[in-house]
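Undergrad: need a 3D model of the sequence below.
(one chain, ligands or ions: 1)
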Amino acid sequence: MADLKILGISGSLRKASFNTAALRTCAELMPAGMTMTYARLDDIPIFNQDVFDAGLPESAKRFRAEVAAADGLLIASPEYNFSLSAALKNAIDWGSRPPNQVFQDKPIAIFSASQGPMGGARVQYDLRRILGQIWGHVLPRPEVFIGNAPSKFDAHGKLTDETTRKFLSDLLVGFKAWIVRMQVKK
Ligand SMILES: Cc1cc2nc3c(=O)[nH]c(=O)nc-3n(C[C@H](O)[C@H](O)[C@H](O)COP(=O)(O)O)c2cc1C
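TA: Below is the predicted model:
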């Protein structure tokens with residue numbers, strides 16, 4: 001059987017982002033039979049329905065095509081003012097417009113990393129609400145919140161905290177089963 005194609009989406013544009021670093025770690029921790037590529041969000045313009053209607057910018061077209069082609073989305077989200085980063089919300093908005101909105105029936109797993117102690121606990125519920133309303137199927141559990149992120153990565157952005165690595169491994173095992181389950185139900 002072909003590998004499940006996972007599209008990794010980090011909601012942070014920072015080079016030294018903890019979310020992006022954790023997402024890259026997920027590629028190491030994934031069970032066999034899954035491979036990950038990464039979406040780029042930093043070149044997608046701010047959503048404007050007039051622009052959408054006139055013809056999608058290449059970057060938005062690329063993002064929609066990548067989401068559509070993926071068997072599952074793995075989203076690593078920072079928490080900005082208790083909610084999503086503008087970059088992530090913007091990309092979701094571009095993907096969400098009909099025709100053929102690309103999140104329809106897509107299996108999705110989410111996690112968050114934050115410098116605060118709660119690890120982005122608040123953003124995850126916004127993300128679930130938003131993705132649910134566009135018929136994305138977000139894995140309910142396990143939930144992974146990487147709090148106090150600077151203490152869990154080394155200077156090169158390697159996730160060194162073993163407990164967090166185990167949490168992410170468990171999430172990925174659950175995500176694989178979730179995707180297979182969704183594919184059977186189709
Ligand atoms: C605009 C802005 C708002 C933020 N708001 C929150 C917040 O509500 N909760 C939180 O835990 N951290 C907040 N932070 C701190 C982030 O957790 C921190 O910048 C983190 O490193 C972002 O993720 P990244 O490392 O993947 O870029 C905020 C940061 C920015 C830039």
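Undergrad: just the strands in this structure please.
TA: In chain order, the chain shows strands spanning 4-10, 34-38, 72-77, 107-113, 137-138, 145-146, with DSSP state E as the criterion.
Undergrad: ok, which of those comes nearest Ala65?
TA: strand 4-10 (10.3 Å; C-beta to C-beta). C-beta coordinates here come from the backbone N, C-alpha and C atoms, glycine included.
Undergrad: and stretch 72-83, how far from the chain's centre?
TA: Stretch 72-83 has its C-alpha centroid displaced from the chain centroid by 7 Å (C-alpha atoms, centre = their mean, to the nearest Å).
Undergrad: buried set for it?
TA: 72-80, 83 (16 or more other C-beta atoms under 10 Å).
Undergrad: that one: end-to-end distance?
TA: 22 Å (C-alpha to C-alpha, to the nearest Å).
Undergrad: what does stretch 77-91 give?
TA: Using C-alpha to C-alpha, the end-to-end distance of stretch 77-91 comes out at 12 Å.
Undergrad: hmm, who's touching that stretch?
TA: 9-13, 17-19, 39, 41-42, 44, 46-47, 63, 75, 92, 110-114, 116, 118, 120-124, 126-127, 130 (C-beta atoms under 8 Å, 6 or more residues apart in numbering).
Undergrad: check those one by one and keep those near the ligand.
TA: The subset of the contacts of stretch 77-91 lying close to the ligand, counting by C-beta under 6 Å from any ligand atom, consists of 12, 17-19, 113-114, 116, 118, 120.
Undergrad: give me the buried entries from those residues.
TA: Buried among those by 16+ other C-beta under 10 Å: 12, 17-19, 113-114, 120.
Undergrad: among these, which ones are in helices?
TA: Counting by DSSP state H, these place 18-19 in helices.
Undergrad: out of the buried ones among the ones next to the ligand among the contacts of stretch 77-91, who's nearest Ala54?
TA: So of those, ranked by how close each gets to Ala54 (C-beta to C-beta), first place is Ser12, at 29.6 Å.
Undergrad: where does the prediction get shaky in this structure?
TA: 185-186 (pLDDT under 70).
Undergrad: got the residues of it near the ligand?
TA: Residues of the chain lying close to the ligand by C-beta under 6 Å from any ligand atom are 12, 14, 17-19, 78-82, 113-116, 118, 120.
Undergrad: cutoff 8 Å now
TA: Counting by C-beta under 8 Å from any ligand atom, the positions of the chain adjacent to the ligand are 10-14, 16-21, 76, 78-83, 85, 113-120, 122-123, 147, 149-150.
Undergrad: thanks a lot, see you next time.
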